[in-house]
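[1] Build me a model:
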Amino acid sequence: MSNTYFYQDKPIFGLDIGFSSLKVMQVDNTGKNKLITGYGATNFDSKAIKNGVIVEPEIIAKALKDLFEHNLIGEINTRRVSATIPASRTFNRTIILPKLSKKDLDGALLLEAEQYIPMPIDELYMDYHIISESDKGLEVFVVAVPKNISNSYVDLMNISGLEPVALETSISAASRLFVQAEQSDLPSILIDFGSLSSDITIYDKGLIVTGTVSGGGDNFTDSIAKKLKISHQESHIVKTKYGLGKSKKQNEITEALTPLLDQLLREIKRIIRYYEERSATKSKISQVVTMGGGANLPGLSEYITDKLRLPTRMCDPWQHLDFSKLQPPNTIEKSMYVSVAGLALIDSKEVYK
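    This next block holds a predicted model:
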């Protein structure tokens, strides 16, 4: 990013690329309120992406063009874009190092990365931020992305006539929106439920450690359909209306979702142990915050609270964003826009250096 030179007064819009969906949003940060000027969503054929690499960018480019022409609410008036990449395809780690100069720090991080990343370093793009600094040393959060994945996203932007200025994981983008909400100063577990996987991170004044488990909103629907022997469409209705809440089918639905939820809970506990064992401040996790489309599952917060003995709530940062005269998405759809809203809120200082 240090070699990127754009005019600082140019706005940026967010582009969230999912397994088979696109979401866009632009936010005007110049005034007192964060005003949403345009947003929208559409789907594309999932064959366009394979193992995290965009292999058929024309499919997504066409879907993006159609979104701008037919499904956009409001207006997006910039070509500069920040986009998401799948967290499951990145490598990240918190590293403890002695105090070093900038030059020596870069070299030390490369050496450390070679120890834990099962890929040649020259096939990766790396970035990092310093979590904490003391007389004893540095605590650094490192992220590495395979070049073939990152380059495929840049190629898509170029084909679409856009100027890419930033790429980050959806959970990183979502954490930016989380900061706008209440109680964001507490050490927290953030869970971003996608369609086929769920990203988990610990946020404590910044990202500390992240993980991904298979299983998301679509998998919840499939599991309920199989258990209740109903169609996918009927299962989606049951999931969004009843979920894990009290109903005649509560026991069956809970039984259907337990394998996926148990896997999620195991990963959360692993990440909490990692954090608390390495935390320099001996901080404890205070809450769990859910976001993304799958977070709409009724009863999910209560279920996680009961299993982890940690207060759990759904991220509700929208009081800090103003749709103004635009028709806002409904309550269920709002959770789907968390990551792209986080992208749209990116501070130009983060990319214009």
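[2] in stretch 239-250, what counts as buried?
    Buried residues in stretch 239-250, counted by 16 or more other Cβ atoms under 10 Å: 239-240, 242-244. C-beta coordinates here come from the backbone N, C-alpha and C atoms, glycine included.
[3] Oops, could you answer that again for stretch 123-137 instead?
    Applying 16+ other Cβ under 10 Å to stretch 123-137 flags 124, 128, 131-132 as buried.
[4] Counting residues, which helix of the chain comes out longest?
    helix 250-278 (DSSP state H).
[5] helices and strands around whichever helix or strand comes after that helix, which ones?
    As assigned by DSSP states H and E, the chain's next helix or strand after helix 250-278 is strand 287-291. Secondary-structure packing of strand 287-291 (3 or more Cβ pairs under 8 Å, 6 or more residues apart in numbering; DSSP states H and E): helix 170-178, strand 188-193, helix 300-308, strand 312-314.
[6] Any chance of TSV for the ones you listed, columns mean pLDDT and distance to Glu277?
    Compiled in TSV, these are given as follows (pLDDT from 0 to 100; distance: least, Cβ to Cβ, whole Å):
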stretch	mean pLDDT	distance to Glu277
helix 170-178	87	22
strand 188-193	93	15
helix 300-308	95	17
strand 312-314	91	22
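[7] Adding distance to Leu111 and mean neighbour count, write those out as TSV.
    Shown next, in TSV, are the helices and strands packed on strand 287-291 (distance: least, Cβ to Cβ, whole Å; neighbours: other Cβ atoms under 10 Å):
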stretch	distance to Leu111	mean neighbour count
helix 170-178	24	26
strand 188-193	30	26
helix 300-308	36	17
strand 312-314	39	18
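[8] which residues touch Glu139?
    94-96, 130-133, 280 (Cβ atoms under 8 Å, 6 or more residues apart in numbering).
[9] what would those look like in JSON lines with pLDDT, distance to Asp185 and secondary structure?
    Formatted as JSON lines, the contacts of Glu139 follow (pLDDT from 0 to 100; distance: Cβ to Cβ, whole Å; DSSP: H, G, I helix; E, B strand; the rest coil):
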{"residue": "Thr94", "pLDDT": "82", "distance to Asp185": "20", "secondary structure": "strand"}
{"residue": "Ile95", "pLDDT": "83", "distance to Asp185": "25", "secondary structure": "strand"}
{"residue": "Ile96", "pLDDT": "82", "distance to Asp185": "24", "secondary structure": "strand"}
{"residue": "Ile130", "pLDDT": "85", "distance to Asp185": "19", "secondary structure": "strand"}
{"residue": "Ile131", "pLDDT": "81", "distance to Asp185": "15", "secondary structure": "strand"}
{"residue": "Ser132", "pLDDT": "79", "distance to Asp185": "15", "secondary structure": "strand"}
{"residue": "Glu133", "pLDDT": "81", "distance to Asp185": "19", "secondary structure": "strand"}
{"residue": "Ala280", "pLDDT": "56", "distance to Asp185": "17", "secondary structure": "coil"}
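[10] Where does pLDDT dip in the stretch 151-300 of the chain?
    182, 279-282 (pLDDT under 70).
[11] redo that, cut-off 80
    180-184, 278-283 (pLDDT under 80).
[12] Report all helices and strands that the longest helix of the chain contacts.
    Contacts defined by 3+ Cβ pairs under 8 Å, 6+ apart place helix 250-278 against strand 188-193, strand 197-203, strand 207-214, helix 217-228, helix 300-308.
[13] Buried residues in that helix, which are they?
    253, 256-257, 260-261, 264-265, 267-268, 271-272, 275.
[14] now the helices and strands packed on strand 287-291 as JSON lines including distance to Ile85?
    Formatted as JSON lines, the helices and strands packed on strand 287-291 follow (distance: least, Cβ to Cβ, whole Å):
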{"stretch": "helix 170-178", "distance to Ile85": "8"}
{"stretch": "strand 188-193", "distance to Ile85": "13"}
{"stretch": "helix 300-308", "distance to Ile85": "26"}
{"stretch": "strand 312-314", "distance to Ile85": "24"}
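[15] Look up phi and psi at the residue in the chain sticking out farthest from the centre.
    Going by Cα atoms, centre = their mean, the residue of the chain most distant from its centre is Lys248, 34.0 Å out. Backbone torsions for Lys248, taken as degrees, to the nearest 10, come to phi -60, psi -30.
[16] Please shift the residue numbers so they start at 27 in all later answers.
    OK, 27 is where the count begins now, so the last one is Lys274.
[17] I'd like to know how far it sits from Gly237.
    Using Cβ to Cβ, to the nearest Å, one obtains 35 Å as the distance from Lys274 to Gly237.
[18] The helices and strands packed on strand 313-317: which one's closest to Thr68?
    Thr68 lies closest to helix 196-204 among these, at 17.0 Å (Cβ to Cβ).
[19] Do me a favour and average the pLDDT over stretch 83-97.
    Mean per-residue pLDDT for stretch 83-97: 96.
[20] What segments of the stretch 77-226 of the chain are helices?
    Under the criterion DSSP state H, counting those that start in this stretch, helices of the stretch 77-226 of the chain are mapped to 83-92, 128-142, 173-185, 196-204.
[21] what's the most buried one of these?
    Mean neighbour count, computed with mean count of other Cβ atoms under 10 Å, is highest for helix 196-204 among these, reaching a mean of 26.
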